[in-house]
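Q: Take this sequence and fold it.
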Amino acid sequence: MMAPSVHPPSPPRTRLMAEIPEEGDVADKSDTKHSGYNVLGTELACCCSDVGASGIGTGFYRNGFCATGEMDQGRHTVCISATTEFLEYSKSVGNDLSTPMPMYHFPGLKEGDIWCLCAQRWAQAYNAGKAPKLFLQATHEKTLDFIPLEILRLFAIDGEEATAVMNKLNLQRNQLDELMSKDAADGEDSFQ
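A: Numbers count the residues shown, from 1 in each chain. Okay, the predicted model is just below:
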């Protein structure tokens with residue numbers, strides 16, 4: 001089945017498996033700027049601190065970050081840009097993200113809103129051909145427990161930036177490997 005035209009070309013239809021989350025993976029760091037690591041292995045960027053000009057931040061902790069922890073059973077870790085198509089699909093499968101729920105500090109979403117979506121819900125939408133685009137640098141690393149990076153990259157709004165980050169990291173890894181190899185060789189020479 002082809003993905004809708006608003007999405008990148010469909011990758012091979014790999015079914016994503018939702019796994020049982022691990023307990024104690026990331027502590028609530030809502031009072032600090034750094035809230036964990038993203039799927040690229042760098043510092044997690046803010047997803048959205050003012051959803052739909054509501055004054056409410058996204059994320060389980062409502063601090064703008066897609067951070068997770070023991071209390072976040074849904075793993076709100078994928079930073080998405082909502083589309084009408086996705087919101088309609090989500091509502092049709094029992095996850096109404098359009099209706100405001102003030103008791104949960106939830107403003108309700110509309111087209112273009114940025115939100116931390118549960119990783120399993122993103123995988124469900126992906127499997128149905130309805131997955132929204134996302135921001136890799138604001139998507140928490142725990143997402144990789146549910147969805148491979150290769151698939152996430154196909155839906156990345158910040159794909160070019162993410163590629164530049166990954167290239168820089170790979171260059172740094174290569175430089176470190178060279179230094180470690182040189183140090184190991186120097187160490188062997190000193191024992192002779």
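Q: now the helix or strand bottoming out on mean pLDDT in the chain: how far from the chain's centre is it?
A: Lowest on mean pLDDT, DSSP states H and E among the helices and strands of the chain sits helix 159-190, with a mean of 84. Here helix 159-190 shows a centroid-to-chain-centroid distance of 26 Å under the convention Cα atoms, centre = their mean, to the nearest Å.
Q: For the spatially most central residue of the chain, which residues are in contact?
A: Centroid-nearest residue in the chain: residue 139, 2.1 Å away (criterion: Cα atoms, centre = their mean). Residues near residue 139 by Cβ atoms under 8 Å, 6 or more residues apart in numbering: 38, 39, 66, 77, 78, 79, 152. The C-beta positions use only the backbone N, C-alpha and C, and glycine is treated the same way.
Q: Secondary structure, distance to residue 162 and pLDDT for those - can I get that in JSON lines?
A: Shown next, in JSON lines, are those (DSSP: H, G, I helix; E, B strand; the rest coil; distance: Cβ to Cβ, whole Å; pLDDT from 0 to 100):
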{"residue": "38", "secondary structure": "strand", "distance to residue 162": "9", "pLDDT": "96"}
{"residue": "39", "secondary structure": "coil", "distance to residue 162": "8", "pLDDT": "96"}
{"residue": "66", "secondary structure": "coil", "distance to residue 162": "15", "pLDDT": "97"}
{"residue": "77", "secondary structure": "strand", "distance to residue 162": "16", "pLDDT": "97"}
{"residue": "78", "secondary structure": "strand", "distance to residue 162": "14", "pLDDT": "98"}
{"residue": "79", "secondary structure": "strand", "distance to residue 162": "12", "pLDDT": "98"}
{"residue": "152", "secondary structure": "helix", "distance to residue 162": "9", "pLDDT": "97"}
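Q: just those residues now: which is nearest residue 94?
A: Closest approach to residue 94 among the contacts of residue 139 (Cβ to Cβ): residue 78, at 18.1 Å.
Q: does that closest one have beta-bridge partners, and which?
A: Taking DSSP bridges, one obtains residue 117 as the residues bridged to residue 78.
Q: Report how many residues lie close to it.
A: Counted by other Cβ atoms under 10 Å, the residues lying close to residue 78 total 32.
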